[in-house]
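Engineer: Quick one, fold the following:
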Amino acid sequence: MGSGQTAAKQGRGVTLALRWDGTAWTQAPSIQVSNGDSLSGVASISSTEAWAVGFSAPTPTKTLAFHFK
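Structural biologist: Residues are numbered from 1 along each chain as shown. I've put the predicted structure just below:
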């Protein structure tokens, strides 16, 4: 979980979520509200479900919460 940059977004910051399938990491769909979003924490509630939290910037920052299934 965190943030990264993509060429498709002209170098803007985007949220980044990765999923482990037991063999390799792959990028998972994640929430994107505005430029400068970041995910900073994750809690797994089962082998197929998790919650991620972070913030949306610029100021005033807003809380992000995302449910992965």
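
Engineer: Mind jotting down where the strands sit in this protein?
Structural biologist: 2-5, 13-20, 25-28, 38-44, 50-56, 62-68 (DSSP state E).

Engineer: and those as TSV, adding mean pLDDT and mean neighbour count?
Structural biologist: (C-beta placed from N, C-alpha, C; glycine too.) Converted to TSV, those look like this (pLDDT from 0 to 100; neighbours: other Cβ atoms under 10 Å):
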stretch	mean pLDDT	mean neighbour count
strand 2-5	53	14
strand 13-20	76	16
strand 25-28	84	11
strand 38-44	85	13
strand 50-56	85	18
strand 62-68	84	14
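
Engineer: Centroid-wise, who is the farthest residue in the protein?
Structural biologist: Taking Cα atoms, centre = their mean, the residue of the chain most remote from its mean C-alpha position is T23, at 20.8 Å.

Engineer: so how far is L64 from it?
Structural biologist: 29 Å (Cβ to Cβ, to the nearest Å).

Engineer: ok, now F55?
Structural biologist: Applying Cβ to Cβ, the value for F55 to L64 is 6 Å.

Engineer: swap in A17?
Structural biologist: Counting by Cβ to Cβ, the separation of A17 from L64 is 11 Å.

Engineer: Go ahead and confirm A57 touches S40.
Structural biologist: No - A57 lies out of contact with S40 (Cβ atoms under 8 Å); the separation is 11.9 Å.
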